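**Q** Structure for the following, please:
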Amino acid sequence: MYPSLFMLGMKYMSRIIRKVGDFEEFKHYDNCKNLKLNHLCFAYDVLMFSKGEFIPIYKMFQGGSMPFTYLGMSIKLKKISTQDCQNLVETMTSKIKSWSTRALSFAGRVILVNYVLMTFHAYWSHITVLPKQVFKDINAICRAYLWTGKTYNQSAGNISWHKVCKSKQEGCLGFTNSKVWNVAVIGKYVCYVARKKDNVRIKWVNQVYLKEAGWWDYGVPSYGSWYWKKIMEVKDSLKTKKQYIEKEKYNIK
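**A** Presented below is the predicted three-dimensional model:
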């Protein structure tokens with residue numbers, strides 16, 4: 001199928017589903033009514049939301065369940081655990097095993113760590129705040145491969161990982177600090193809310209959480225999800241730099 005035909009089909013299917021939400025008897029899912037949100041379309045998935053009170057809809061929803069996996073990542077309502085990120089760790093170790101037959105120099109391993117291994121967690125970091133143990137696992141795998149060419153090494157390495165991640169201008173290797181990167185990319189959402197970005201996610205935040213409250217003075221409520229609380233932690237850590245966050249000419253990429 002041509003991509004253009006696929007996009008055309010998705011577009012009109014989305015319109016049809018949206019019209020279903022206009023029926024008087026249709027009942028939206030909690031916190032979705034004001035936004036008239038009854039579905040989300042992804043590359044090859046469609047998530048549908050409703051009260052689920054009618055038997056046909058209930059049966060339709062039985063076809064899937066939470067959590068489910070999307071592009072290798074576990075999508076769930078509860079806090080993401082270290083076990084949920086096991087696929088990320090396994091992908092990194094399997095990649096190293098495929099390289100083990102090659103006699104690579106230290107310089108070659110530096111390139112593979114920086115441009116292959118350290119990019120695996122980048123997509124996940126854009127979506128959620130990863131557990132601390134996952135960062136430890138990522139760093140341990142990269143450190144072991146850098147110094148020994150293996151997936152596991154009990155020793156700490158010739159240089160501390162914190163120093164290895166410093167910039168090349170400082171005489172280090174310039175690896176991405178996975179934990180700092182996670183905070184930075186989640187910080188994008190802090191920027192989007194501060195700038196009132198026009199997308200479904202930011203509209204949801206304003207409807208459900210912020211309402212009329214000011215963004216920088218907003219305190220997370222007790223009923224807030226764990227993910228929302230994590231974003232608030234990132235917001236508080238960036239609060240002193242809000243003059244950069246609120247201006248459009250500055251961006252977190």
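**Q** burial measure for the residue nearest to residue 173 when sequence neighbours are not counted, as a count.
**A** Spatial nearest neighbour of residue 173, excluding adjacent residues (Cβ to Cβ, 6 or more residues apart in numbering): residue 164 at 5.2 Å. For glycine as for every other residue, the C-beta is placed from the backbone atoms N, C-alpha and C. Under the neighbour criterion other Cβ atoms under 10 Å, residue 164 is assigned a count of 21.
**Q** need the contact list for residue 18.
**A** Contacts for residue 18 were tallied using Cβ atoms under 8 Å, 6 or more residues apart in numbering; they are 36, 38-39.
**Q** so how far is whichever strand or helix holds it off the chain centroid?
**A** For residue 18, the element it lies in under DSSP states H and E is helix 3-20. Taking the mean C-alpha point of helix 3-20 and that of its whole chain, the gap between them comes to 26 Å (Cα atoms, centre = their mean, to the nearest Å).
**Q** same question, stretch 203-211
**A** Relative to the centre of its chain, stretch 203-211 is centred 20 Å away, using Cα atoms, centre = their mean.
**Q** Buried residues, it. List them.
**A** Neighbour-count burial for stretch 203-211, with 16 or more other Cβ atoms under 10 Å as criterion, is recorded at 205-206, 208-209.
**Q** As JSON lines, the residues you listed with secondary structure would be great.
**A** Shown next, in JSON lines, are these (DSSP: H, G, I helix; E, B strand; the rest coil):
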{"residue": "205", "secondary structure": "helix"}
{"residue": "206", "secondary structure": "helix"}
{"residue": "208", "secondary structure": "helix"}
{"residue": "209", "secondary structure": "helix"}
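**Q** where are the low-confidence patches of the stretch 51-200 of the chain?
**A** With pLDDT under 70 as the threshold, the stretch 51-200 of the chain has low-confidence stretches at 51-72, 76-77.
**Q** go again using 50 as the cut-off
**A** Screening the stretch 51-200 of the chain residue by residue with the criterion pLDDT under 50, one finds the ranges 55-56, 59-60, 62-63.
**Q** Helices of that one, start to end?
**A** Using DSSP state H, counting those that start in this stretch, the helices assigned to the stretch 51-200 of the chain run over residues 55-61, 86-99, 106-115, 120-127, 132-148, 161-164, 178-194, 200-205.
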